[in-house]
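Novice: I would like the atomic coordinates for the input below:
(2 chains)
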Amino acid sequence: MAKEITTRADNYSDWYQDVVKKANLADHSAVKGCMVIKPYGFAIWEKIRDQLDTMFKETGHVNAYFPLFIPKSFLSKEAQHVDGFAKECAVVTHHRLMNAPDGSGVVVDPDAKLEEELIVRPTSETIIWNTYKDWINSYRDLPLLINQWANVVRWEMRTRLFLRTTEFLWQEGHTAHATKDEAVEETLKILDIYAKFSEEYMAMPVIKGIKTANERFAGADETYCIEALMQDGKALQAGTSHFLGQNFAKAFDVKFLNENNQQEFVWATSWGVSTRLMGGLIMTHSDDEGLVLPPKLAPVQVVIVPIPKPTPAIDEAAQKIMAALKAKGISVQYDQDMKNRPGFKFAEHELRGVPVRLGIGERDLANGQVEVARRDTKEKSAQNLEGIDRYIEDLLTDIQQNLFNRAAAFRTEQTRQVDNFDDFKSLIDTDMPGFLSAHWDGTTETELKIKELTKATIRCIPMEGDKEPGQCVLTGKPSAQRVLFAKAY
RNA sequence: CGGGAUGUAGCGCAGCCCGGUAGCGCACCUGCUUUGGGAGCAGGGGGUCCCAGGUUCAAAUCCUGGUAUCCCGACCA
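Specialist: Have a look, this model is predicted:
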């Protein structure tokens, strides 16, 4: 059939792309590296966005919006920061087009060259800290807890739908604090929100950890992250939260007067998650039949399919079920399409990951039942119409939990302790590399050497779990604790 | 940004080597029959053959350049 997708075993990359395209999440666009997020894909992103937004607001953050363009001079104020982003910036040099003299179309008007070139934001620290300078005078102005939902542009060499696109959507939080402790606390608070969101809403288990100096955000003193393991055994950085120290305060001269009437530099954090989460969501749960969505993020949680087609009696039963489900806050769609037969509809709703499907035929109605099919396990059962709303409410909770448990079990299976480099190499060089928990001597040199030899990078220094010291898997030198290695997206 | 592959109807592809009326499957339209896991038959509509140059009487096909996507590297959320 037209909608068949490549199997994961056959070609994981093709499978991923097939799911994204055939479940109508996104498409490639006319612009290199940029995607069109389609309505169904955007509906999922809206669910992600709305939930995170709620969680940020519950912790005292407010939204604002800063410009897309950043004066070139701003970017060079923090040395580490420029180094990190210089290679992937889009630059605006002119502000006007004109008709080509030879009539061949429009060309850039050479007279409209900008005095100072503008950078399309790859992230907003610089423009935001330039603004915060004006907003912060006293300790009474702190903390400043601001988030923005925005698009950013990073000119990537190689792109993949949702996972790495030239333009992407994200939220970036930028906070200012009077003390170091408060800023560190904020950084960790956000990391916890990210982890909670990933696990409770996306049903995607994550490891909270600290990035090595080598993997740290450009301009940060410390970068914390959540790392997830995808079904192909590769790691995905799903979110980062940075403790920026006083680096940006110093670069943009942001000082406040403390209670003792002394000038101090402000302490900062920044943190973000992006449309990359969509990629993580897809690659954590989906299968060879298509997308699998956790109920909490599914735009449509329940679909009702009349068998074989709508009739007055089936319509009536469907309407009753819909009313009962809606009363419980469950989103439900009745597939009244007359053109396609049930089998086609089943496949279609599976492809787009609807968690629960109800089949209603005359035979079911005669028995006072409906057929309930769950997307995660594909199990089907007959359930009584009476009390079906409660049954489905529980089922959705069960599916949400099952998806998380399944992903967590997978991650546990694919996380291995390794104590010598030969094992390390043979384990990482397979179709299912997974996480390798190994000792590391703490040097960037060793980290890079291991990357060169195995393609694996240190995803993070886990914050929880085994803290026993040991010997580095490559050099044998002392190691403070095990770190997590993986091949990464 | 380097190496490889691909671009032909909405989707998936054949045709290209060897230049000469643009094809197939699915989807779409009409009709009839079907209907508890991607329906069958019959008829029908739909094409700047990725773009721009060039060679030629003639280009989907040969040549040059560009562009997009995928895969493998290097770089990164």
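
Novice: okay, which residue is most central for chain A?
Specialist: In chain A, the residue lying closest to the centroid (CA atoms, centre = their mean) is A:L277, at 1.7 Å.

Novice: residue contacts, that one?
Specialist: Neighbouring residues of A:L277 by CB atoms under 8 Å, 6 or more residues apart in numbering: A:48, A:198, A:202, A:238-239. Quick note: C-beta positions are derived from backbone N, CA and C, even for glycine.

Novice: now with 6 Å, please.
Specialist: Residues near A:L277 by CB atoms under 6 Å, 6 or more residues apart in numbering: A:I48.

Novice: please apply the same query to the one 3 residues further on.
Specialist: Listed by CB under 6 Å, 6+ apart, the contact partners of A:G280 are A:204, A:228, A:236, A:238.

Novice: turn those into JSON lines, including pLDDT.
Specialist: As requested, these are exported to JSON lines (pLDDT from 0 to 100):
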{"residue": "A:M204", "pLDDT": "98"}
{"residue": "A:A228", "pLDDT": "96"}
{"residue": "A:L236", "pLDDT": "95"}
{"residue": "A:A238", "pLDDT": "95"}
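
Novice: nearest to A:E447 among these?
Specialist: A:L236 (19.2 Å; CB to CB).

Novice: number of nearby residues for that closest one?
Specialist: A:L236: 22 surrounding residues under other CB atoms under 10 Å.

Novice: pretty sure it contacts A:A228?
Specialist: Yes. Between A:L236 and A:A228 a contact is recorded at 5.0 Å, counting by CB atoms under 6 Å.

Novice: for RNA strand B, what are the nearby residues on the stretch 251-400 of chain A?
Specialist: Residues of the stretch 251-400 of chain A lying near RNA strand B by CB under 7 Å from any atom of the strand: A:274-276, A:289, A:307-309, A:339-344, A:346-348, A:350-351, A:359-364, A:371, A:373, A:378, A:380.

Novice: what average pLDDT does stretch A:51-58 get?
Specialist: Averaged across stretch A:51-58, the pLDDT comes to 98.

Novice: same check, this time on stretch A:384-401
Specialist: 97.

Novice: so A:C225 belongs to a helix, correct?
Specialist: No. Looking at A:C225 with DSSP: H, G, I helix; E, B strand; the rest coil, it is strand, so not inside a helix.

Novice: which secondary structure elements does the worst-scoring helix or strand of chain A on mean pLDDT sit against?
Specialist: Taking mean pLDDT, DSSP states H and E as the measure, the helix or strand of chain A with the lowest value is strand A:106-108, at a mean of 80. Applying 3 or more CB pairs under 6 Å, 6 or more residues apart in numbering; DSSP states H and E, one finds that strand A:106-108 contacts no other helix or strand.

Novice: same thing but at 7 Å, please
Specialist: On a contact count with 3 or more CB pairs under 7 Å, 6 or more residues apart in numbering; DSSP states H and E, strand A:106-108 meets strand A:97-99.

Novice: surely the residue nearest to the centre of chain A is in a helix?
Specialist: Yes. Counting by three-state DSSP, A:L277 is part of a helix.

Novice: the least confident helix or strand of chain A pairs with which strands, and in what direction?
Specialist: strand A:97-99 (antiparallel) (DSSP bridges).

Novice: what's the closest non-adjacent residue to A:K234?
Specialist: In this structure, A:K234 finds its nearest non-sequential neighbour in A:K487, 5.0 Å apart by CB to CB, 6 or more residues apart in numbering.
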